[in-house]
Structure formats: C-alpha cells, structure tokens
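Provided below for reference: sequence and predicted model.
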Amino acid sequence: MVGLPYDFLANPLGVVRSTFEKAVASGSDPASFDGKDWGIIDLFNDFLSHQPTLSRVHSATLRLVQPNTLVRFRGMIQDMFGNELYVGAYKVFLLLSDGSVWRTNKFMDVAQFPIDSSADKRMWERRLLYCVPVPGQNAWTETSSEAFMNHYMDWTSQQREKRRRADEESNDCEVSGDEVQCSPDTKKMREDEHPSLPSLSHGAMAESSSSGMSIVPGLDGSFLVKIYDSLESDLKLNDVFEFVGVLASDPVPQVDNEDCEFFEDPLHHLPPNKVPRLHCFIHRKLAVQDFLQNNPIIEPKPHLVKEIRDALLRHLTTVLGNDNVAAHFMLLHLLSRVHARVDALAVGKLSLNLTCFSKENVSVFGNLLSLTVKNLLPFTHCIPLTVEYLNTTPLAPRKDYDTNRLVTGVLQLAEGSHIIVDETKLEAGTLNSMGVENARLLKNLMELQKLEYDFKYYKMEMATDIQLLVLSEGKSNILPADVVVPFRPSVVSSIDAVVEESLQAWRWYLATVRLLPHSIESEMQKVVENDLVAARQADRSLNPQDFSRWLTMGRLMSLSFGETSLSLEHWQMVKELEKLRSERL
Amino acid sequence: MASDSSPTNFNNGPSSPEDSFSSPIGNTLSSPGDGTRRRRRGRSSTPSAFATPPSNRSRFASSDGTPTPTRSRQRGGGGGGRRASVSSTPVAATPTSTDDAPMSSEGGEGYNGDDVRPTFVWGTNISVEDVNEAIQRFLKHFREQSSQSDGLHVEGKYERAIKQVIEIEGDSLDVDAHDVFDYDPDLYTKMVRFPLEVLAIFDLVLMNMVSRINPLFEKHIQTRIFNLKTSTSMRNLNPSDIERIVSMKGMIIRCSAIIPEIREAIFRCLVCGYCSDPVAVERGRITEPTVCLREECQAKNSMTLVHNRCRFADKQIVRLQETPDEIPEGGTPHTVSLLMHDKLVDAGKPGDRVEVTGIYRAMSVRVGPTQRTVKSLFKTYVDCLHIKKTDKSRMLAEDAMDVDNSQGRIAEEIHFDEEKVAQLKELSKKPDIYERLTKSLAPNIWELDDVKKGLLCQLFGGNALQMASGASFRGDINILLVGDPGTSKSQLLQYIHKLSPRGIYTSGRGSSAVGLTAYVTKDPETGETVLESGALVLSDRGICCIDEFDKMSDNARSMLHEVMEQQTVSIAKAGIIASLNARTSVLACANPSGSRYNPRLSVIDNIHLPPTLLSRFDLIYLILDKADEQTDRRLAKHIVSLHFENPESMEQDALDLSTLTAYVSYARKNIHPQLSDEAAEELTRGYVEMRRRGNFPGSSKKVITATPRQIESLIRLSEALARIRFSELVEKRDVMEAFRLLEVAMQQSATDHSTGTIDMDLITTGVSASERMRRESLLQATRNIIMEKLQIGGPSMRLLELLEELKKQNTGEIHLPDLRNAVASLASEGFVTMHGDNVKRS
C-alpha cells in the first residue's frame, strides 16, 4: 500500500470494507445499498483502466494465485444456479467502543465477524453462475506469457522490446503503463516464493498473477462466479464473459447434510476446493476479437483486407488440395454468422457440406482442414459421426434434477463456435432412441440454429450461432447443409508452415470482417431481384432456400472484401461460384 | 363466482387499497337514503349485470356529480349491502351505521376509537384486537356477490364452509384471498405483509368460531389462503418478499420422501418406567429431560424416547421450477423449494403444474450441526399454505371443442385479465380482423392466403356436438396440404405447431402406428403393462401436425381413420382394452408421389393416399408452384428484404405471436357460435346447389360434387369463421366464406381433369365419374366380345387375344390392366372364369 489508498490487487476486500465503512460513516444508510454499491465498481473500473494487465486465472495457475486477491477469469456461462441470499450488511457490537458498527459481507463468503442472530442485518442477494472454460477453445487463444509479452512490446518502446526479448525466457512480468519493469532476478525469486505477496508493487502483482494466467481450475477449469447487482438480461447462458473479482479463499464450511437433502443444493456437489468461487466486481461480455492476442490492424482498411483475404484464400486452396471453388465456399462459410432471426429462420447462416470424401483422403484432407480451422477460429470442435457416437454421446444439455444442475452436452457451445462433423465414418447400423434424438438435434441445429435443452418435463429451445462443416462421401441427408460442394482435390500439396504473423492476421480478419454491418443499395436490390426472378423462370426447381443461400453468399462475399454493401461485382462472383458448384453436382 | 365479478370492481385500484379510502366523503354520500336503493340494485345484479347496459348506466349515472373515484363507492356499497342483508332491516339508518363501523377500522392507522390500548404485534403496526375483529367480521359477514340476489338470510360463504369442515372433520379452511380483499383490503394487505402473525390470529378466530358452533370439535383447523391478487414470478422473488405471502406458478420437479416430523415427544424412564408428559417442539428441537421427573426415581440420563407414543406430522420438501414460458431468453429455469405439511404432502407429483401460495422464508445456514454460529448465507423456501393444480396451463387445453362440458369447464384455470380481454375484444371488432389474422399467420410465408385462411379456421375450430343418441360430431377441422417441394408446407406446419395450444409435430416417415396412437408396453421394473400414449393421443384437444404424410406406412395411416372421424384411439392388447380420446385436429402435409405434382393425374394418383383417409380431411389444399413471374418477383423481394432489411419493418399491422395465441385461446374458450336460421338456410341452399352442379341436364352421367361429409365440414368452417369474429352467431357471410374456402380447396384437389368439374367421388373413391363411365363401357365391350367369341364350356381365350379383339373394335386406347379389371369383374358376376391369363366362359 505504497502511496495508493487501496491495494486493489492484493487486498480487494480491504477496499470493499474500507469504502463501505467510509460510505456508512458519511451518513449513507446501509439499507440503501441493496442492489447498488457504494462506488466500489467505479473504483475497480478505474483501477483496471489504468492497469490493463491484470492477469487472467487459468487452471494451472490457480494454485499459484493467492486467495482474496484480484483475479481475472474468462469463461462461458454453463449453468445458472439462481440467486443466493446473504447477509449484506449487519451490525457488529464492538467491545472497545461499546457501540455498534455496520459491516458488509458483500464480495465475501464468510462474515468477518460473527453475526449475532439477533443483530440488525440486511439481506441482499447475488446471482450464482457456473462458468467453464469455453468449450473447444484453442490453445492459441490462451495468453501465454510470451504472447502477453508481445502484446506489451507493441505498446512499449523499441528499447524495452529489446530488453524484453532477452527476458523472454525467464518468463516474467510485464509492466503496466509507467510502472518500472522488474528485473529478471527478482522475478524469479518471486516466482519461487509465492506469486502474489501483498508487499509487492502493483506491477509485480499484476505480473505474477498474469504468469499464472492459464488455469486448469480445480478439476476441469470451472468456476463458480457470484455476480452482484447485475441485470438478469445481461448474462445469458452460453455467453462468454470475462470476470474480474476476488477469489474466495476460505473453504466454505460444509453445510450439514440434513439441509442438503432437503434442498438439493447444486453447490453441495461443487466443493470449493474443486470449484473455486469468484466474487465478481466487473463482468464484460467477450467477443471473438477479445481472444486475439494482438491485433495487427486496428482498422479494416480495404487494401489490407483484400491482401489478407487473398493470402487466406491461397492457404485454404492449398489445404483443400488446390480446389479453388471449395476454398471459396470455405472462406464464406468461415465468415458466416446468424445476423437476424425472422420467425423460425436464422438468416445469415451458411453451413457447408463438402462431399466426395473417401475413407482415404479424409484422413489427409480432413485432418488438414480441421487443423487449419483450429488455427483460425478460437472455438472449434470435431464430431466424428458414427452410429455408436450418436447412440451413446449426449449432444444436448440436460437437466439433472438429482444434482439440480444442467449437465452439459457436446453441443452446448459458445456463440461463434465451429463444428466439423465427419460423416465419412458413418456406417450402416441401428440407432437407438438416443441416436434418433441426437440426429434430430443435429438436423435442427443445422436448419434452424436452435438447440433443444432437455429439462425432462419440457424442452427449451436455445438459439445458437454455430458454424457447421460436414465432411461426407455423398450429400449428407442427416445433416442438410445450406451448401453442398463436391470436393475435387487435384494434388496433395504439402503445406508450408504458416508464419505466425499471417495466422494472426487471418484470425483478426475472420473475427472482424464478419461483424461488419451490411446493407444493399436499392439499385442493387433491383438487380438482385431481377436475377432471382429470371433464375426462377428458367429453373422452376429453385426454391426460397436457394435464394436465401445466394443472398447470404452475396453478403458474405462483399464482407470478405471488407465492404459493407453488396456490389454488382461481388454478386456476379457469387453467381459464378454457384455456377461452378452446380456443374459439379 | 365471486372471482368472476370482483376483478371488474377493482380493476382500477390494484395494489394500494388505501387509495380507495382517500375520500371518505364519497362513502357518506353514497351510504344513506338512496344509497340503500342503489345497493339493492347492485345486489340484484349478478356478475352478468356488467355486460347489460341498463343497470350499469344507472349506477354510473349517479356518480357523475361526485368526483369521487367510483371504486370507493362501489366497495362501500357492496360491503354495506351485504351487511344490510344480514341485519334484515333495510331502514336507511341501519345500513349507514354498519357501513361506518368497518370504515373506521379499515382506515389503516386510525384506531383512535378504541378505549383499550391495543396490543401490537412486535415491530409492526398490527393491533391484534383489530385484526382479530376484522377477521371475525370477514368470516361472519362475507357474502359472495352472486348469492346476494337470493333473499336476505343467506348464510355467509365462510360460515357455511366452516360448518362443512366441521361436518367432514376436515382440518383446513380454504380462504380465497380475493374475498378477503373484496371485503377488507386493509386486512388483505396486513395478511400479505405479516402472514405469520395474521394467520395465527386467523387460526385463533377460526377455532373460536368452530368451538362456538360445535364445542366438541377438537381438531385444529388451519386457514389456507389462496388466489392472491398478484402472482410473483419465481425469478422476481427477492429479499423484500421474505416473510410475506407470495403466490407463484411452476412445475413440480421433485418431491422428497415423506418426512415424519416430530411434534410432541414422550419419554420414558428406563429405570422406573415413568412416562413423561408430552414434550412439545421448541424452535425445531426437543429437549430431552435429563432427570426422571418422578420424585422417587430421579435417575439421571435415563429418559428414552418412546417412538410410538410421539406425535408426528408429515412433512415433505418439493422443488418447484419455472415453467418454460416464464424463462427469459438465454436463461435457465429457477427453482424454489417448497415445504409441505400434513395434508399438502403428496398433493402434487413431479410434472404437475401448480399454483402455490405460501410464505416465503429464509433460513440461516448453520456452519455445522452443532455450532451456533451462522453463515452469512441463507436458504430460502416457501412454506406452503395452499397448492392448486393448474394442469391446464397450456392455454385452452380444455375448450369449447370438448364435448362433455360438465365439470371440466368450470375447473378451467385460464384467466384472461380484463385488460387483455378488452384489447382482444377491441381487436375482434375491427372489420378487417379476418384479413389481419390471416396476415399475422406465418407472416414470412407469402401468398397462400386461402391456405392460411383454412389454417386459421383449423386453429379456431368448430363446435363439437354430442347427440342425445350418443353420436358425436367432431368440431376439429382436418387439413391436408399437398404440394410441390419447396412451397414452405413444412414451415406452415411448424408455425401452426408453435401456435397451437397443444400440439405434436411428427414426421410421417419416422412414425409408426403405435407411435402415433398408443401402445402397450411392459414396465421394465414392475412388469406391469403400461399404456403409452402416442402423438395423436398426446395432442388431444390440440393440433397434430404430420409432415410427410405420404411417407407414412399404410399400417400407421389406417390407424388414423378412427382418430379422424371418431376422435378416439382404441387399443386392445395384452390385457388392456382401452379407448383413448384423441380429439385432435390433424394437419398433414404430403408431397406428390412423383416429387412434383402432375396436373394430368388426379389427387389420388398424385398422393398415394387411400381415398377413405382423404375424405376425412375437411380441406385439401394443393400448393402448386406455378410459373408466375409476379409471384416470383414477390418472392424475390421478400427474400431480399429478409436478408437486408430490418425484419421488424416488414410486418406492420400483423399481430404478434402472443396476441395471436391469446386471441385464439380466448375465442376457443369463450365463443360458442350457433347457426342462425339465415345461415342454416344458406347452408342448405348452397349444399343443394353444389350437389346439383354434378347433374348436367340431359346427361345420365352422375357426378357427385358434395357429400354429407362436406356439409359437416361447412358447418365447422362457418362456426370457426364466426368464432374468428368473436360472434356467438354464425351469419350468412360466414357460411358463404366457408363455401368459398371449401370450393377453393376442392377446386384444387377434386377437379376431374378430364372434364373440369368438381367431383367428390375423386376424393371418396379415388375414381372420377368419367373414369367410371369409361370402365363401364369397357366392361360392356368385353362382355360383348366374350359373348361373341366364346361358348360355354368351350376353349379358353388368352387375355392378350381379347385385347387385340377389343382394339379392333374400339377406337379408344385400352390397356391390359384395365382389361384385366374388366374381366375380373365379369368373373365376379360368374360370367367367365379366369385361370391365369386364360379366360373361359363358364
């Protein structure tokens, strides 16, 4: 606590307490704090804006992080446990000054002072969220300390950068803003001792926790996050959030069994030593961009975008054995997202079905493809579709009323996840009831971008936004994709190792470009309409789905060039692409 | 029922009952003199009086002069009137004084009149005496509004109920919170805010009354409050609700085993055998005596619990979960624990939808069973007072299409609040409501207006009818959509499925007969045979949507015959013979057999469906993809706008889904249109004309254009159309529209393509009249040839030779199968015999 009034990092609870006492002392009624805070969030916001380096907690590092310190955690909301009532403020009788003082329990599990049952107290509530690491999160999104460093280098001066490089091996701390960088020696020392000692300076604190950033929390990286004073609509199931809060330390005393039997507390199955508790000060919803380590370009400039696009397309073409058409579709597919829902329709999705895979080439191209996608998108998943898999693996989440928890399924994914379904392994066989159900779920997911959660007494549909890529021998009937492209590889070209920089550029490109707004000029609209009418006059078998696909492709095509409105050129490209595709069918 | 009329009285004074007393002047003005007269009229007006303008006007006309809020007068008047009927002397002075007495106590804080210093409940402004009196008054004097009309000496609702409870030796009295509010809003407020205290007094008063009526009655009678004015959603429960009465709806997901909870314990000394007096539970625990109480013994730590002499009460913990409709997007359902005691134990089973009234309570979590320190956490639960099953929560599950409208209708739990009803009624008055509803139905599917109108009729449904003879006529309308692929049939189905009160969506391809109807299975654990309902049974009183109807196996389809006309499913299997209700409308869609509709073939040939089944569909729509540039352009526009425009901007003045659902539900529940004479006449006329259309003058050819099934359909359709307008009377225009709808559907499906006329035989037998004529002539020709060529007992002739002969004579084209058919029918006449391909004259 040098100079600064509060030690946000090492002793956030101290901040809570002292500000509370100050607020009460200045005459505020503690009862009025229900649902609000006494300026604490602002303090922390302020602190974080100056100190962007606060480390994230990861499972591996969790053990290194001291309890009761400020940490940052990223995760997906997997389940919600409802609200919890706690004694928010209570009066404590002080022995010395024979008066009573208000104390708060906010952001804490266990009261600092024993609460007399007859004491004056205020009940507040907080929300409990069960968060897990984002399913299918790829390794590159994890801020390795190196990546972190790189990030910093961009910020700091060239000189520092050089010094950093030297330090890199010693795996250390970064500096925030104007803080002085700590020397490698001290760093090492610190690491040996304990990551975060209160006596360390802020910079060091941030750093040490940062190096401990990737957690494999408890057993599986899950966290129990306690949210205060938030709107219910802010946090939704399957959203990816970043939480900044206090890591609760004291093992919550075991509740006696009697009560548990009665109330089937989900927490009962999540002992604090396995699932750490995080009392959250600030939460922020994350988009895909937040998982990029360093943004090479801040603004999507047309020529830059085009350059990246070409490079990426080249790469995809190579990956796909010089199949240029498939690569184009692949690119559009990777850019797709559900941007609107009209009734049951999810507008903007573009699921892709690459057909003509054989058992032999799927091992080559399939693996290559999934590796590529893994490298490009933050959350990816691979489903080997076999009869056995369908029959045995629960795909949809289901509520387990014994533990009162939502048991996750393979398809409970964050928004923007990518799934490769490998159908080539599917052989003839009998589906049991689960298999039928799973096949139906997959079909619904593909057609409507909706997933049914099984609540036993009823099903609840959740809207999803998941990109689906199907690899199959023939056109997949189980998974009716929007686009079916027969895959025609010509050569199996060895892939050159991709430079990290270009990978980063591609990631940035995919994450940014797909979010661009998009519109259509009225003139262009006329052209498109005429084209559609003419096409339908020529071919009666064209149905609204085909038109929808074209328009989606048109949109994605112009987005892929970083443009926000459909141009004739891009529309022509789409038509050309469709022509090439239909020739293959 | 009181609940019917009371909301009307108070709809403008919702939560703060104090408001209604803000102007005492209004009360005094209304009470004396003519007040009595007015009250009398009020009394005589049953709930329906609100709908009849005369009495209404007179009540309100007098209020014009006084600027007081109407509700206060209504309340005062109503209350006073009830009391006046007790005093039985309708002298002006008497009601005035009775009127004033409750007023002073109801005035909230002002208890000045009391000489005795009131005992207040600690920490509140509740005076025990006042509450006590208020409850007594309520129990003694409360009268239901509907009962006020008959005589002056009507027994109070709760006096009667108490007597009933005594008679059946019950242990609880259900008290409708709406009644409490109607009678004494202040008491209601106090009760909701401080239920523990007020309910204790309530029980006390109740016991006093009981012992006065029957001093020998010893059982404790509990008060069970239900039907609160406001219902809380589970996720809105917050700390401020603690220790208050709350009411919430939800679904039971789990019930614990019944826990015997000790109430009184009896201990026995192991040394001397002395039994202690019953020890009552104090603060959840029982203190075991450490010393034998018998003076001679006084043995230490010798007391042991005598289990079978203790008194236990049942306790159960039940978890209630939010129903899906209350869960916001992206949320998971919340759950609440309920504590059930005594009679409430096992009142609900998992899966039941219930409405629960109880006290929301919090319980501190102790650190350990032995430690006294409490954690900062609290567990919350609802101490249940009353539980009501609302199994019909899916709207309009019980509705007008129900034939047996005896008990079920009254028990219905669907309540539309007045505001909503008024809004719906307003909507129904719009002249273009029919068009608007049509437009709101699946707005993203363009065109197909007539199909949508048909579907709309299906949603609203006709009236079911049960004849005295036992015959019943279904009210459900069945629709079949046949069409080219990609004409959004499935989307329509999905949409209707979403909209319909209770619906099952199934695909013909994946359904088996038993999956649709019901099947008998052995329970793996108990070995008992169990009946499992299939889709049709599950969608009883709903709409069963069957996609890919044509892909369904014949076996499954044949099961539908019974369902679609008799509306039951009969099962006779392994020890179970049952007939299950399946009063469901069927909405099916099918693809033409050759993937594309062949206009040269009949419907029957296009969809390979047995005519027996087809005739059970009221409307059969052909959704054909016509090469029309206009349509294409609209389609293109639609899709472009779908992708590039704000979806909201496209569908103005269409009703949103929830309004539409409410509209349909309300109509199905409350509107039961009857045929007017005019409409009946029109029906007859139209039907006769339709049948006549088949008879071409001077032609012996008989084409049936309508069958009795059609007239039933027409009645159903016109009833549905009247219902759409919220009209209790089927008018001529409804019938005409029904005819139009039927014709549109028929024209598409029952047109005989060789003649261009409507031919119902196409549907009913699959063979058109012209086809039948052709067959007839072929038969005749064959007969002639055989007569010519073959002698009885002579050599046989091959079919192919016969064909050759026929071709020589006949100019028309004849195919072998046709000939075979003809010969077969000749054989059945006994004219010829057939051995393989050889025909022999017999």
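Done, it's in.

what is the rounded mean pLDDT of stretch B:591-602?
Mean pLDDT, stretch B:591-602: 68.

again with stretch B:801-816
For stretch B:801-816, the mean pLDDT works out to 72.

any residues touching that stretch, and which ones?
Contacts with stretch B:801-816, where a contact means CB atoms under 8 Å, 6 or more residues apart in numbering or on different chains, come from B:Arg774, B:Leu778, B:Ala781, B:Thr782, B:Ile785, B:Ile786, B:Lys789, B:Leu799, B:Leu800, B:Leu819, B:Val823, B:Val839. Placement of C-beta: from N, CA and C, glycine included.

The spatially closest residue to A:Trp38 that is not a sequence neighbour in helix, strand or coil?
For A:Trp38, ignoring the flanking residues on the chain, the nearest one in space by CB to CB, 6 or more residues apart in numbering or on different chains is A:Ala23 at 3.8 Å. With DSSP: H, G, I helix; E, B strand; the rest coil as the basis, the three-state label of A:Ala23 is helix.

picking that back up, check the contacts of stretch B:801-816 and tell me the two furthest apart.
Maximum pairwise distance in those, criterion CB to CB, is 22.3 Å, between B:Arg774 and B:Lys789.

what about stretch A:357-371, start to end distance?
Its first and final residues considered, stretch A:357-371 spans 17 Å by CA to CA, to the nearest Å.

Now do the buried residues in it.
In terms of neighbour count (16 or more other CB atoms under 10 Å in any protein chain shown), stretch A:357-371 has its buried residues at A:Phe357, A:Val362, A:Phe365, A:Gly366, A:Leu368, A:Leu369, A:Ser370.

Flag the least confident of those.
When the buried residues of stretch A:357-371 are compared by pLDDT, A:Val362 scores lowest at 78.

on that earlier part again, reformat the buried residues of stretch A:357-371 as JSON lines; add secondary structure.
Supplementary listing: the buried residues of stretch A:357-371 in JSON lines, determined by three-state DSSP:
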{"residue": "A:Phe357", "secondary structure": "coil"}
{"residue": "A:Val362", "secondary structure": "helix"}
{"residue": "A:Phe365", "secondary structure": "helix"}
{"residue": "A:Gly366", "secondary structure": "helix"}
{"residue": "A:Leu368", "secondary structure": "helix"}
{"residue": "A:Leu369", "secondary structure": "helix"}
{"residue": "A:Ser370", "secondary structure": "helix"}
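
Where does the stretch 601-750 of chain B get nearest to chain A, residue-wise?
For the stretch 601-750 of chain B, the residue closest to chain A is B:Ala636, as judged by CB to the nearest CB, at 3.8 Å.

So that residue sits against A:Pro544, correct?
No - under the contact definition of CB atoms under 8 Å, B:Ala636 does not touch A:Pro544, with a separation of 9.5 Å.

Low-confidence ranges, the stretch 451-585 of chain A, go.
The stretch 451-585 of chain A contains residues with pLDDT under 70 at A:492-496, A:540.

which stretches of it form strands?
With DSSP state E, counting those that start in this stretch, the ranges of strands along the stretch 451-585 of chain A come out as A:459-463, A:466-471, A:483-486.

and the residue of the stretch 151-300 of chain A nearest chain B?
A:Lys236 (2.8 Å).

Also the stretch 301-450 of chain A?
For the stretch 301-450 of chain A, CB to the nearest CB, closest residue to chain B: A:Val342, 4.5 Å.

Pretty sure that residue sits against B:Ser641.
No - the pair A:Val342 and B:Ser641 fails to qualify as a contact (CB under 8 Å) at a distance of 9.7 Å.

Against which helices or strands is the helix or strand encompassing B:Thr684 packed?
Following DSSP states H and E, one finds B:Thr684 within helix B:677-692. Judged by 3 or more CB pairs under 8 Å, 6 or more residues apart in numbering or on different chains; DSSP states H and E, the packing partners of helix B:677-692 are helix B:708-724, helix B:732-749.

Buried residues, it. List them.
Neighbour counts over helix B:677-692 (16+ other CB under 10 Å) mark B:Ala679, B:Ala680, B:Glu682, B:Leu683, B:Gly686, B:Tyr687, B:Met690, B:Arg691 as buried.

Likewise for stretch A:403-411?
Within stretch A:403-411, the residues scored as buried using 16+ other CB under 10 Å are A:Asn404, A:Arg405, A:Leu406, A:Thr408, A:Gly409, A:Val410, A:Leu411.

quick check, nearest of those to B:Leu587?
Closest to B:Leu587 out of those is A:Leu411 (29.5 Å), distances taken as CB to CB.

where does the closest one fall, helix, sheet strand or coil?
coil.

For the stretch 401-550 of chain A, give the residue positioned nearest to chain B.
For the stretch 401-550 of chain A, CB to the nearest CB, closest residue to chain B: A:Asn543, 2.9 Å.

Tell me how many other residues surround that residue.
Applying other CB atoms under 10 Å in any protein chain shown, we find 16 residues neighbouring A:Asn543.

Thought A:Met123 was touching A:Val87, still the case?
Yes - using CB under 8 Å, A:Val87 makes contact with A:Met123 at a distance of 6.5 Å.
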